[in-house]
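# I'll drop the sequence and a predicted model, then ask my questions.
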Amino acid sequence: MQHIIEIKDGVPRHPLYRMAVPVNMTIDSGEQVAITGANASGKSRLVDIITGRYPLLLNEVQYDFSPSPLKLVSENIKYITFRDSYGESDGSYYYQQRWNQHDIDDQMPTAGRLLEDAYTAAENSTGYGLDEEKKKLIKQQRARLKDKLYDMFSLTSLTDKYIISLSSGELRKFQLTKTLLSCPRLLIMDNPFIGLDAQTRKQLTDLLHTLIRETSLQVVLVLSKTDDIPDFITHIIPVEKLNVLPKITREEYLAERKPIPVRMLPDEKEARILALPEKENRMTATGDNGCILHFNHISIRYGQRTILKDLDWTVNENDKWALSGENGAGKSTLLSLVCADNPQSYACDIELFGRKRGSGESIWDIKRHIGYVSPEMHRAYLKDLPAIDIVASGLSDSVGLYARPRPEQRAICEWWMDMFGIAGLKDRTFLKLSSGEQRLCLLARAFVKDPELLILDEPLHGLDDKNRKLTREIISAFCRRRNKTLIMVTHYAEELPDVITHRLLLKKNN
(Lines give C-alpha, C1' and ligand atoms only; values in the text may rest on other atoms or scores of the structure.)
Protein backbone atom coordinates (compact mmCIF):
# COMPACT_ATOMS: atom_id res chain seq x y z
CA MET A 1 0.00 0.00 0.00
CA GLN A 2 1.37 3.41 -1.01
CA HIS A 3 1.55 5.82 1.91
CA ILE A 4 1.26 9.37 0.58
CA ILE A 5 1.82 10.64 4.13
CA GLU A 6 3.38 8.55 6.91
CA ILE A 7 4.19 9.72 10.43
CA LYS A 8 5.82 7.37 12.96
CA ASP A 9 6.20 8.48 16.57
CA GLY A 10 6.05 12.10 15.44
CA VAL A 11 7.12 14.54 18.16
CA PRO A 12 7.66 18.21 17.19
CA ARG A 13 10.99 19.59 18.32
CA HIS A 14 9.39 22.62 19.94
CA PRO A 15 7.48 21.62 23.10
CA LEU A 16 4.75 24.22 22.52
CA TYR A 17 3.58 22.40 19.39
CA ARG A 18 3.53 18.83 20.71
CA MET A 19 0.49 16.61 20.94
CA ALA A 20 -0.40 14.70 24.12
CA VAL A 21 1.29 11.56 22.75
CA PRO A 22 3.55 10.93 19.72
CA VAL A 23 1.67 11.01 16.41
CA ASN A 24 1.28 7.84 14.36
CA MET A 25 -0.80 8.05 11.19
CA THR A 26 -0.86 7.37 7.49
CA ILE A 27 -2.83 8.66 4.53
CA ASP A 28 -2.82 6.07 1.80
CA SER A 29 -3.24 6.36 -1.94
CA GLY A 30 -6.88 6.77 -2.92
CA GLU A 31 -8.06 7.82 0.56
CA GLN A 32 -10.07 11.00 1.04
CA VAL A 33 -9.77 12.00 4.67
CA ALA A 34 -11.60 14.19 7.19
CA ILE A 35 -9.81 15.25 10.36
CA THR A 36 -12.49 15.82 13.00
CA GLY A 37 -12.54 17.01 16.59
CA ALA A 38 -13.81 19.62 19.00
CA ASN A 39 -12.51 23.18 19.15
CA ALA A 40 -8.90 23.20 20.45
CA SER A 41 -8.60 19.40 20.13
CA GLY A 42 -5.42 19.69 18.04
CA LYS A 43 -6.69 19.40 14.46
CA SER A 44 -4.72 22.37 13.13
CA ARG A 45 -1.63 21.28 15.03
CA LEU A 46 -1.82 17.88 13.32
CA VAL A 47 -2.06 19.56 9.91
CA ASP A 48 0.99 21.66 10.71
CA ILE A 49 2.88 18.44 11.45
CA ILE A 50 1.66 16.87 8.19
CA THR A 51 2.76 19.87 6.12
CA GLY A 52 6.19 20.02 7.78
CA ARG A 53 5.63 23.33 9.53
CA TYR A 54 6.72 21.77 12.83
CA PRO A 55 9.97 19.78 12.33
CA LEU A 56 10.04 16.51 14.27
CA LEU A 57 12.65 15.29 16.75
CA LEU A 58 13.59 11.95 15.21
CA ASN A 59 11.36 10.53 12.51
CA GLU A 60 10.53 13.12 9.90
CA VAL A 61 7.29 12.91 7.90
CA GLN A 62 7.63 10.56 4.93
CA TYR A 63 6.02 11.55 1.61
CA ASP A 64 5.31 9.62 -1.60
CA PHE A 65 3.47 11.82 -4.10
CA SER A 66 3.60 9.49 -7.09
CA PRO A 67 2.22 9.55 -9.76
CA SER A 68 2.68 13.32 -9.48
CA PRO A 69 5.69 14.45 -11.52
CA LEU A 70 6.27 17.31 -9.08
CA LYS A 71 8.87 16.70 -6.39
CA LEU A 72 8.65 19.39 -3.71
CA VAL A 73 6.33 19.12 -0.70
CA SER A 74 5.27 22.74 -1.31
CA GLU A 75 4.24 21.83 -4.87
CA ASN A 76 2.26 18.75 -3.91
CA ILE A 77 0.53 19.87 -0.68
CA LYS A 78 -1.62 22.99 -0.54
CA TYR A 79 -3.30 24.08 2.70
CA ILE A 80 -6.17 26.57 2.86
CA THR A 81 -6.90 27.72 6.38
CA PHE A 82 -9.79 30.09 5.56
CA ARG A 83 -8.71 32.26 8.48
CA ASP A 84 -11.11 35.21 8.54
CA SER A 85 -8.34 37.65 7.68
CA TYR A 86 -7.56 39.92 4.76
CA GLY A 87 -4.70 41.61 6.56
CA GLU A 88 -1.61 40.34 8.35
CA SER A 89 -0.53 40.49 11.97
CA ASP A 90 1.17 43.82 11.33
CA GLY A 91 -2.21 45.45 11.82
CA SER A 92 -2.49 46.78 8.27
CA TYR A 93 -6.14 45.73 8.14
CA TYR A 94 -8.62 47.68 10.24
CA TYR A 95 -12.21 46.91 11.14
CA GLN A 96 -14.18 49.19 8.77
CA GLN A 97 -11.69 48.97 5.90
CA ARG A 98 -13.90 46.79 3.71
CA TRP A 99 -16.45 49.61 3.38
CA ASN A 100 -14.02 52.53 3.22
CA GLN A 101 -13.30 52.29 -0.49
CA HIS A 102 -11.50 55.64 -0.53
CA ASP A 103 -8.80 54.15 1.70
CA ILE A 104 -7.89 51.55 -0.91
CA ASP A 105 -4.60 52.28 -2.65
CA ASP A 106 -4.88 52.70 -6.42
CA GLN A 107 -2.06 50.16 -6.76
CA MET A 108 -3.94 47.45 -4.89
CA PRO A 109 -4.57 44.56 -7.31
CA THR A 110 -8.05 43.31 -8.04
CA ALA A 111 -9.20 39.75 -7.36
CA GLY A 112 -9.00 39.06 -11.09
CA ARG A 113 -5.41 40.29 -11.27
CA LEU A 114 -4.40 38.12 -8.32
CA LEU A 115 -6.04 35.05 -9.86
CA GLU A 116 -4.27 35.65 -13.17
CA ASP A 117 -0.96 36.10 -11.33
CA ALA A 118 -1.54 32.82 -9.50
CA TYR A 119 -2.36 31.06 -12.77
CA THR A 120 0.73 32.47 -14.49
CA ALA A 121 2.96 31.53 -11.54
CA ALA A 122 1.59 27.98 -11.59
CA GLU A 123 2.19 27.79 -15.35
CA ASN A 124 5.77 29.04 -15.05
CA SER A 125 6.64 26.59 -12.29
CA THR A 126 4.97 23.57 -13.87
CA GLY A 127 7.08 20.47 -13.61
CA TYR A 128 10.63 21.76 -13.41
CA GLY A 129 12.76 19.09 -15.07
CA LEU A 130 9.83 17.33 -16.80
CA ASP A 131 9.75 16.51 -20.48
CA GLU A 132 7.68 18.75 -22.72
CA GLU A 133 4.87 16.20 -23.18
CA LYS A 134 4.17 15.99 -19.45
CA LYS A 135 4.35 19.78 -19.07
CA LYS A 136 1.84 20.16 -21.89
CA LEU A 137 -0.56 17.67 -20.28
CA ILE A 138 -0.44 19.46 -16.90
CA LYS A 139 -1.04 22.85 -18.53
CA GLN A 140 -4.03 21.53 -20.46
CA GLN A 141 -5.54 20.11 -17.28
CA ARG A 142 -5.00 23.43 -15.49
CA ALA A 143 -6.62 25.43 -18.31
CA ARG A 144 -9.72 23.21 -18.24
CA LEU A 145 -9.88 23.49 -14.46
CA LYS A 146 -9.59 27.28 -14.64
CA ASP A 147 -12.57 27.52 -17.00
CA LYS A 148 -14.61 25.23 -14.77
CA LEU A 149 -13.80 27.18 -11.59
CA TYR A 150 -14.56 30.55 -13.15
CA ASP A 151 -17.89 29.25 -14.40
CA MET A 152 -18.89 27.42 -11.21
CA PHE A 153 -18.05 30.26 -8.82
CA SER A 154 -19.19 33.05 -11.21
CA LEU A 155 -15.75 34.59 -10.79
CA THR A 156 -16.09 36.92 -13.77
CA SER A 157 -18.33 39.13 -11.63
CA LEU A 158 -15.58 39.37 -8.99
CA THR A 159 -12.57 40.07 -11.17
CA ASP A 160 -12.82 43.87 -10.95
CA LYS A 161 -13.29 43.89 -7.15
CA TYR A 162 -10.44 44.59 -4.75
CA ILE A 163 -9.63 41.69 -2.47
CA ILE A 164 -10.51 43.83 0.55
CA SER A 165 -14.02 44.33 -0.88
CA LEU A 166 -14.92 40.65 -1.17
CA SER A 167 -17.59 39.24 1.11
CA SER A 168 -16.65 36.38 3.42
CA GLY A 169 -18.11 33.83 1.00
CA GLU A 170 -16.56 35.48 -2.06
CA LEU A 171 -13.17 35.44 -0.35
CA ARG A 172 -13.44 31.69 0.13
CA LYS A 173 -14.28 31.18 -3.55
CA PHE A 174 -11.24 33.29 -4.44
CA GLN A 175 -8.92 31.34 -2.14
CA LEU A 176 -10.22 27.98 -3.39
CA THR A 177 -9.72 28.94 -7.01
CA LYS A 178 -6.25 30.36 -6.43
CA THR A 179 -5.16 27.17 -4.67
CA LEU A 180 -6.79 24.67 -7.05
CA LEU A 181 -5.12 26.34 -10.04
CA SER A 182 -1.80 24.99 -8.74
CA CYS A 183 -3.11 21.41 -9.27
CA PRO A 184 -1.86 19.98 -5.95
CA ARG A 185 -1.53 16.26 -5.26
CA LEU A 186 -2.95 16.71 -1.74
CA LEU A 187 -5.37 19.53 -0.91
CA ILE A 188 -5.97 20.28 2.78
CA MET A 189 -8.89 22.59 3.60
CA ASP A 190 -9.87 23.87 7.04
CA ASN A 191 -13.67 24.10 7.39
CA PRO A 192 -14.13 24.78 3.64
CA PHE A 193 -17.92 25.09 3.69
CA ILE A 194 -18.37 27.84 6.27
CA GLY A 195 -19.45 31.17 4.80
CA LEU A 196 -20.69 29.57 1.58
CA ASP A 197 -24.34 29.60 0.57
CA ALA A 198 -26.13 26.29 0.00
CA GLN A 199 -25.73 26.32 -3.77
CA THR A 200 -22.01 27.04 -3.58
CA ARG A 201 -21.50 24.34 -0.94
CA LYS A 202 -23.07 21.82 -3.30
CA GLN A 203 -21.04 23.09 -6.24
CA LEU A 204 -17.81 22.80 -4.26
CA THR A 205 -18.68 19.28 -3.12
CA ASP A 206 -19.50 18.24 -6.69
CA LEU A 207 -16.29 19.81 -8.01
CA LEU A 208 -14.10 18.03 -5.48
CA HIS A 209 -15.90 14.78 -6.22
CA THR A 210 -15.21 15.24 -9.94
CA LEU A 211 -11.53 16.15 -9.42
CA ILE A 212 -11.04 13.11 -7.19
CA ARG A 213 -12.64 10.86 -9.79
CA GLU A 214 -10.84 12.29 -12.81
CA THR A 215 -7.40 13.15 -11.40
CA SER A 216 -4.97 11.90 -8.76
CA LEU A 217 -6.04 14.65 -6.32
CA GLN A 218 -6.55 13.58 -2.72
CA VAL A 219 -8.40 15.73 -0.23
CA VAL A 220 -8.08 16.26 3.51
CA LEU A 221 -10.88 18.24 5.15
CA VAL A 222 -10.44 19.64 8.66
CA LEU A 223 -13.94 19.81 10.11
CA SER A 224 -15.43 21.16 13.32
CA LYS A 225 -18.98 20.79 11.98
CA THR A 226 -19.26 17.03 11.53
CA ASP A 227 -22.55 17.01 9.62
CA ASP A 228 -20.50 18.65 6.84
CA ILE A 229 -18.72 15.38 6.01
CA PRO A 230 -19.37 14.85 2.27
CA ASP A 231 -19.98 11.46 0.69
CA PHE A 232 -16.64 11.35 -1.11
CA ILE A 233 -14.75 11.15 2.21
CA THR A 234 -13.57 7.58 2.78
CA HIS A 235 -11.78 7.80 6.13
CA ILE A 236 -11.83 9.82 9.34
CA ILE A 237 -8.93 10.71 11.62
CA PRO A 238 -10.45 11.78 14.96
CA VAL A 239 -8.45 14.11 17.21
CA GLU A 240 -9.34 14.40 20.90
CA LYS A 241 -7.52 16.44 23.54
CA LEU A 242 -4.29 16.64 21.50
CA ASN A 243 -4.40 12.90 20.82
CA VAL A 244 -4.58 11.56 17.24
CA LEU A 245 -6.83 8.51 17.32
CA PRO A 246 -6.61 5.60 14.85
CA LYS A 247 -7.94 6.21 11.36
CA ILE A 248 -11.35 4.62 10.71
CA THR A 249 -13.72 4.43 7.76
CA ARG A 250 -16.43 7.04 7.30
CA GLU A 251 -19.08 4.37 7.94
CA GLU A 252 -17.42 3.33 11.22
CA TYR A 253 -17.20 6.94 12.34
CA LEU A 254 -20.85 7.69 11.61
CA ALA A 255 -21.95 4.48 13.36
CA GLU A 256 -19.87 5.25 16.47
CA ARG A 257 -20.57 8.98 16.67
CA LYS A 258 -22.25 9.91 19.91
CA PRO A 259 -25.36 12.09 19.70
CA ILE A 260 -25.10 15.65 20.98
CA PRO A 261 -26.97 16.14 24.26
CA VAL A 262 -30.49 17.48 23.88
CA ARG A 263 -29.41 20.61 25.76
CA MET A 264 -25.94 22.11 26.14
CA LEU A 265 -26.86 25.15 28.27
CA PRO A 266 -27.50 23.99 31.84
CA ASP A 267 -30.87 25.00 33.31
CA GLU A 268 -29.10 26.97 36.02
CA LYS A 269 -27.18 29.08 33.50
CA GLU A 270 -30.28 29.64 31.39
CA ALA A 271 -32.13 30.83 34.51
CA ARG A 272 -29.29 33.24 35.30
CA ILE A 273 -29.50 34.76 31.81
CA LEU A 274 -33.29 35.10 31.99
CA ALA A 275 -33.02 36.70 35.45
CA LEU A 276 -30.64 39.46 34.38
CA PRO A 277 -32.07 42.83 35.42
CA GLU A 278 -33.37 45.17 32.77
CA LYS A 279 -30.63 47.41 31.46
CA GLU A 280 -30.37 50.91 32.87
CA ASN A 281 -30.31 53.85 30.46
CA ARG A 282 -31.88 51.70 27.80
CA MET A 283 -32.48 53.24 24.37
CA THR A 284 -36.25 53.15 23.85
CA ALA A 285 -38.01 52.35 20.60
CA THR A 286 -40.43 54.77 18.96
CA GLY A 287 -43.83 54.67 17.29
CA ASP A 288 -46.88 52.52 17.91
CA ASN A 289 -45.00 49.29 17.15
CA GLY A 290 -41.78 50.30 18.87
CA CYS A 291 -39.60 50.87 15.80
CA ILE A 292 -35.93 50.03 16.35
CA LEU A 293 -34.69 50.37 12.78
CA HIS A 294 -36.13 51.79 9.56
CA PHE A 295 -34.53 51.76 6.09
CA ASN A 296 -36.24 53.99 3.53
CA HIS A 297 -35.34 53.24 -0.13
CA ILE A 298 -31.71 52.44 0.66
CA SER A 299 -29.29 51.94 -2.22
CA ILE A 300 -25.55 51.27 -1.98
CA ARG A 301 -23.19 51.38 -4.92
CA TYR A 302 -19.44 50.98 -5.34
CA GLY A 303 -18.45 52.34 -8.74
CA GLN A 304 -20.66 50.58 -11.28
CA ARG A 305 -21.62 47.82 -8.83
CA THR A 306 -24.98 47.96 -7.03
CA ILE A 307 -24.95 46.09 -3.72
CA LEU A 308 -28.33 47.14 -2.28
CA LYS A 309 -31.10 48.63 -4.40
CA ASP A 310 -34.11 50.60 -3.13
CA LEU A 311 -34.41 48.58 0.10
CA ASP A 312 -37.25 49.28 2.54
CA TRP A 313 -37.01 47.50 5.88
CA THR A 314 -38.47 48.03 9.33
CA VAL A 315 -37.39 46.22 12.48
CA ASN A 316 -39.59 46.64 15.55
CA GLU A 317 -38.70 46.08 19.17
CA ASN A 318 -38.68 42.38 20.13
CA ASP A 319 -38.47 41.29 16.47
CA LYS A 320 -36.09 38.40 15.81
CA TRP A 321 -34.92 38.54 12.19
CA ALA A 322 -33.12 35.89 10.11
CA LEU A 323 -31.24 37.61 7.27
CA SER A 324 -30.29 35.38 4.33
CA GLY A 325 -29.10 35.53 0.73
CA GLU A 326 -26.43 34.15 -1.56
CA ASN A 327 -22.78 35.16 -1.26
CA GLY A 328 -22.34 38.79 -2.33
CA ALA A 329 -26.03 39.67 -1.91
CA GLY A 330 -25.20 42.49 0.52
CA LYS A 331 -25.98 41.00 3.94
CA SER A 332 -22.84 42.24 5.68
CA THR A 333 -23.07 45.57 3.86
CA LEU A 334 -26.60 46.01 5.20
CA LEU A 335 -25.41 45.32 8.75
CA SER A 336 -22.49 47.73 8.33
CA LEU A 337 -25.09 50.46 7.66
CA VAL A 338 -26.94 49.65 10.88
CA CYS A 339 -23.76 49.79 12.94
CA ALA A 340 -22.49 52.97 11.22
CA ASP A 341 -19.30 51.20 10.12
CA ASN A 342 -20.05 52.07 6.49
CA PRO A 343 -19.48 55.76 5.63
CA GLN A 344 -22.35 55.62 3.11
CA SER A 345 -24.75 55.12 6.02
CA TYR A 346 -24.74 58.88 6.66
CA ALA A 347 -26.02 59.57 3.15
CA CYS A 348 -28.89 57.10 3.56
CA ASP A 349 -32.38 57.57 4.98
CA ILE A 350 -31.94 55.41 8.08
CA GLU A 351 -33.60 55.72 11.47
CA LEU A 352 -32.23 53.83 14.45
CA PHE A 353 -34.00 53.95 17.81
CA GLY A 354 -36.10 56.81 16.44
CA ARG A 355 -33.12 58.99 15.51
CA LYS A 356 -32.38 59.80 11.90
CA ARG A 357 -28.85 58.88 10.85
CA GLY A 358 -26.70 61.97 10.55
CA SER A 359 -28.81 64.05 12.96
CA GLY A 360 -25.93 64.62 15.34
CA GLU A 361 -25.40 61.25 16.98
CA SER A 362 -21.89 59.85 17.09
CA ILE A 363 -20.90 56.35 16.07
CA TRP A 364 -20.45 55.59 19.78
CA ASP A 365 -24.03 56.71 20.55
CA ILE A 366 -25.16 54.04 18.09
CA LYS A 367 -22.83 51.23 19.14
CA ARG A 368 -23.62 51.65 22.83
CA HIS A 369 -26.89 49.81 22.31
CA ILE A 370 -25.74 47.17 19.82
CA GLY A 371 -23.95 43.87 20.39
CA TYR A 372 -22.19 42.74 17.22
CA VAL A 373 -20.03 39.91 15.92
CA SER A 374 -19.01 39.35 12.29
CA PRO A 375 -16.27 37.95 10.05
CA GLU A 376 -14.95 41.51 9.63
CA MET A 377 -14.60 41.82 13.39
CA HIS A 378 -12.70 38.53 13.58
CA ARG A 379 -10.31 39.80 10.89
CA ALA A 380 -9.63 42.97 12.84
CA TYR A 381 -8.52 41.27 16.05
CA LEU A 382 -4.84 40.74 15.31
CA LYS A 383 -3.39 41.93 18.63
CA ASP A 384 -2.30 39.19 21.02
CA LEU A 385 -4.16 40.53 24.07
CA PRO A 386 -5.52 38.43 26.96
CA ALA A 387 -8.86 36.91 26.05
CA ILE A 388 -10.67 38.78 28.83
CA ASP A 389 -9.43 42.08 27.38
CA ILE A 390 -10.92 41.10 24.03
CA VAL A 391 -14.26 40.43 25.72
CA ALA A 392 -14.00 43.68 27.71
CA SER A 393 -13.47 45.68 24.51
CA GLY A 394 -17.19 45.17 23.88
CA LEU A 395 -17.97 47.45 26.82
CA SER A 396 -16.30 50.37 25.05
CA ASP A 397 -16.98 49.20 21.46
CA SER A 398 -13.29 49.25 20.64
CA VAL A 399 -11.52 46.74 18.42
CA GLY A 400 -8.55 46.06 20.66
CA LEU A 401 -8.59 47.22 24.27
CA TYR A 402 -5.49 48.88 25.58
CA ALA A 403 -6.71 49.62 29.14
CA ARG A 404 -7.22 46.83 31.65
CA PRO A 405 -10.89 46.35 32.61
CA ARG A 406 -11.96 47.63 36.02
CA PRO A 407 -12.85 44.97 38.64
CA GLU A 408 -16.61 45.36 38.09
CA GLN A 409 -16.11 45.16 34.31
CA ARG A 410 -13.88 42.12 34.68
CA ALA A 411 -16.62 40.38 36.70
CA ILE A 412 -19.15 40.94 33.89
CA CYS A 413 -16.68 39.63 31.32
CA GLU A 414 -15.92 36.53 33.38
CA TRP A 415 -19.67 35.94 33.82
CA TRP A 416 -20.25 35.85 30.07
CA MET A 417 -17.08 33.85 29.39
CA ASP A 418 -18.41 31.29 31.84
CA MET A 419 -21.70 31.17 29.93
CA PHE A 420 -19.77 30.30 26.76
CA GLY A 421 -17.57 27.77 28.56
CA ILE A 422 -14.30 29.69 28.17
CA ALA A 423 -13.78 31.21 31.62
CA GLY A 424 -10.63 29.13 31.95
CA LEU A 425 -9.12 30.91 28.95
CA LYS A 426 -9.48 34.44 30.32
CA ASP A 427 -5.74 35.05 30.75
CA ARG A 428 -4.59 33.24 27.60
CA THR A 429 -3.75 35.61 24.76
CA PHE A 430 -6.16 35.78 21.83
CA LEU A 431 -3.82 34.65 19.04
CA LYS A 432 -2.84 31.57 21.06
CA LEU A 433 -6.46 30.38 21.04
CA SER A 434 -7.93 28.12 18.38
CA SER A 435 -10.16 29.79 15.80
CA GLY A 436 -13.24 28.35 17.53
CA GLU A 437 -12.13 29.65 20.92
CA GLN A 438 -11.53 33.07 19.37
CA ARG A 439 -15.08 33.06 18.00
CA LEU A 440 -16.48 32.23 21.45
CA CYS A 441 -14.54 35.20 22.89
CA LEU A 442 -16.02 37.50 20.27
CA LEU A 443 -19.49 36.14 21.01
CA ALA A 444 -19.03 36.86 24.72
CA ARG A 445 -17.87 40.33 23.69
CA ALA A 446 -21.20 40.92 21.90
CA PHE A 447 -23.20 40.18 25.06
CA VAL A 448 -21.21 41.95 27.81
CA LYS A 449 -23.07 45.27 27.67
CA ASP A 450 -26.53 43.63 27.58
CA PRO A 451 -27.43 45.27 24.24
CA GLU A 452 -30.95 46.14 23.14
CA LEU A 453 -30.10 45.11 19.56
CA LEU A 454 -28.05 41.97 18.95
CA ILE A 455 -26.52 41.66 15.45
CA LEU A 456 -24.88 38.31 14.71
CA ASP A 457 -23.26 37.90 11.28
CA GLU A 458 -22.32 34.22 10.77
CA PRO A 459 -21.74 33.85 14.54
CA LEU A 460 -21.16 30.08 14.53
CA HIS A 461 -18.22 30.07 12.09
CA GLY A 462 -15.67 27.46 13.12
CA LEU A 463 -17.55 26.19 16.17
CA ASP A 464 -17.81 22.46 16.82
CA ASP A 465 -21.18 20.74 17.11
CA LYS A 466 -21.52 21.19 20.88
CA ASN A 467 -20.47 24.84 20.90
CA ARG A 468 -22.84 25.61 18.03
CA LYS A 469 -25.73 24.14 20.02
CA LEU A 470 -24.61 25.93 23.19
CA THR A 471 -24.41 29.27 21.39
CA ARG A 472 -27.86 28.87 19.83
CA GLU A 473 -29.32 28.19 23.28
CA ILE A 474 -27.57 31.23 24.79
CA ILE A 475 -28.91 33.44 21.98
CA SER A 476 -32.39 32.03 22.51
CA ALA A 477 -32.33 32.60 26.28
CA PHE A 478 -30.98 36.14 25.90
CA CYS A 479 -33.61 37.05 23.31
CA ARG A 480 -36.51 35.76 25.42
CA ARG A 481 -35.94 38.68 27.79
CA ARG A 482 -37.93 41.89 27.46
CA ASN A 483 -37.00 44.49 24.85
CA LYS A 484 -34.42 42.39 23.04
CA THR A 485 -34.19 42.54 19.24
CA LEU A 486 -32.14 40.18 17.07
CA ILE A 487 -30.78 40.23 13.51
CA MET A 488 -28.86 37.08 12.59
CA VAL A 489 -27.14 36.01 9.37
CA THR A 490 -26.37 32.39 8.56
CA HIS A 491 -26.24 30.15 5.51
CA TYR A 492 -27.42 27.17 7.58
CA ALA A 493 -31.11 27.19 8.51
CA GLU A 494 -30.48 24.73 11.37
CA GLU A 495 -28.19 27.27 13.06
CA LEU A 496 -31.02 29.71 13.70
CA PRO A 497 -32.32 29.85 17.27
CA ASP A 498 -35.93 28.96 18.02
CA VAL A 499 -36.90 32.60 18.69
CA ILE A 500 -36.89 33.76 15.03
CA THR A 501 -40.06 35.67 14.12
CA HIS A 502 -39.22 37.36 10.78
CA ARG A 503 -37.11 36.64 7.69
CA LEU A 504 -35.51 38.86 5.06
CA LEU A 505 -34.03 37.34 1.88
CA LEU A 506 -31.60 39.57 -0.07
CA LYS A 507 -31.14 38.89 -3.76
CA LYS A 508 -27.89 39.63 -5.53
CA ASN A 509 -27.94 42.56 -7.96
CA ASN A 510 -26.35 41.76 -11.29
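Done, it's in. What you are looking at is a predicted structure, and each value in this text was computed from that prediction instead of being measured.
# determine the number of other residues adjacent to residue 498.
Using other CB atoms under 10 Å, the number of residues around residue 498 comes to 11. Heads up, the C-betas are built off the backbone N, CA and C, glycines and all.
# helix/strand/coil for the residue lying closest to it once chain neighbours are set aside?
In space, and not counting its chain neighbours, residue 498 is closest to residue 476: 5.5 Å by CB to CB, 6 or more residues apart in numbering. Under the three-state scheme (DSSP: H, G, I helix; E, B strand; the rest coil), residue 476 adopts helix.
# and residue 476, how many neighbours?
Counted with other CB under 10 Å, residue 476 comes out at 19.
# wait, doesn't it sit right on residue 496?
No - counting by CB atoms under 8 Å, residue 496 is not a contact partner of residue 476; they are 9.7 Å apart.
# so how far is residue 40 from the closest residue to residue 413 other than its chain neighbours?
The shortest distance from residue 413 to any residue other than its chain neighbours is 4.3 Å, reached at residue 391 (CB to CB, 6+ apart). Separation of residue 391 from residue 40 (CB to CB, to the nearest Å): 17 Å.
# what of residue 214?
For residue 214 relative to residue 40 (CB to CB), the value is 37 Å.
# of those two, who's got more company?
Set residue 214 next to residue 40 and count neighbours by other CB under 10 Å: residue 40 wins out with 18 against 11.
# mind checking pLDDT for the more buried one?
Here the pLDDT value assigned to residue 40 is 94.
# quick one: residues contacting it.
433-434, 436-437 (CB atoms under 8 Å, 6 or more residues apart in numbering).
# ok, now how distant is it from residue 5?
To residue 5, residue 40 is 23 Å away according to CB to CB.
# surely residue 500 is within a strand?
No - applying three-state DSSP, one finds residue 500 to be coil, outside a strand.
# which parts of the biggest helix by length in the chain are buried?
Using DSSP state H, we find that the single longest helix of the chain is helix 132-152. By neighbour count on 16 or more other CB atoms under 10 Å, the buried set for helix 132-152 is 135, 138, 142, 145-146, 149-150, 152.
# and which of these is nearest residue 234?
For the buried residues of helix 132-152, the closest approach to residue 234 (CB to CB) belongs to residue 145, at 22.5 Å.
# just to check, that closest one is in contact with residue 181?
Yes - at 6.8 Å, residue 145 counts as touching residue 181 under the criterion of CB under 8 Å.
# what sits up against the helix or strand bottoming out on mean pLDDT in the chain?
The least trusted helix or strand in the chain, going by mean pLDDT, DSSP states H and E, turns out to be helix 363-367, with a mean of 73. Applying CB under 8 Å, 6+ apart, the contact partners of helix 363-367 are 339-341, 352, 397.
# could you dump these to TSV with pLDDT?
Conversion of those to TSV gives the following (pLDDT from 0 to 100):
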residue	pLDDT
339	85
340	79
341	79
352	87
397	69
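# widest-spaced pair of those residues?
Maximum pairwise distance in those, criterion CB to CB, is 14.7 Å, between 352 and 397.
# more neighbours: the two, which one.
Taking neighbours as other CB under 10 Å, residue 352 and residue 397 compare with residue 352 leading, 25 against 17.
# residues near the closest residue to that one other than its chain neighbours, how many?
Of all residues not flanking residue 352 in the chain, residue 293 sits nearest, at 5.5 Å (CB to CB, 6+ apart). Neighbourhood size, residue 293 [other CB under 10 Å]: 22.
# go on, the one 4 residues further on?
A count of neighbours around residue 297, defined by other CB under 10 Å, yields 10.
# pLDDT at it, what is it?
In this model, residue 297 carries a pLDDT of 94.
# repeat that for residue 359.
pLDDT, residue 359: 66.
# who does the next helix or strand after the longest helix of the chain touch, helix- and strand-wise?
Moving toward the C-terminus from helix 132-152, the first helix or strand encountered (DSSP states H and E) is helix 168-180. Contacts defined by 3 or more CB pairs under 8 Å, 6 or more residues apart in numbering; DSSP states H and E place helix 168-180 against strand 77-80, helix 111-124, helix 132-152, strand 186-190, helix 198-214.
# nearest to residue 329, out of these?
With CB to CB as the criterion, residue 329 lies closest to helix 198-214 of the helices and strands packed on helix 168-180, at 11.8 Å.
# which residues touch the residue nearest to residue 413?
413, 416-417, 426, 441, 444-445, 448.
# adding neighbour count, distance to residue 488 and pLDDT as columns, could you present the residues you listed in CSV?
Shown next, in CSV, are the contacts of residue 391 (neighbours: other CB atoms under 10 Å; distance: CB to CB, whole Å; pLDDT from 0 to 100):
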residue, neighbour count, distance to residue 488, pLDDT
413, 26, 23, 96
416, 23, 18, 98
417, 25, 21, 98
426, 19, 26, 95
441, 29, 19, 96
444, 30, 17, 97
445, 27, 16, 95
448, 20, 18, 95
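# nearest to residue 235, of the residues you listed?
residue 441 (32.9 Å).
# that's a helix at the closest one, yeah?
Yes - Residue 441: assigned to a helix according to three-state DSSP.
# begin at 14 from here
New numbering, starting at 14: the last item is residue 454.
# list the residues that contact it.
Contacts of residue 454 (CB under 8 Å, 6+ apart): 400, 403-404, 430, 435, 438, 443, 446.
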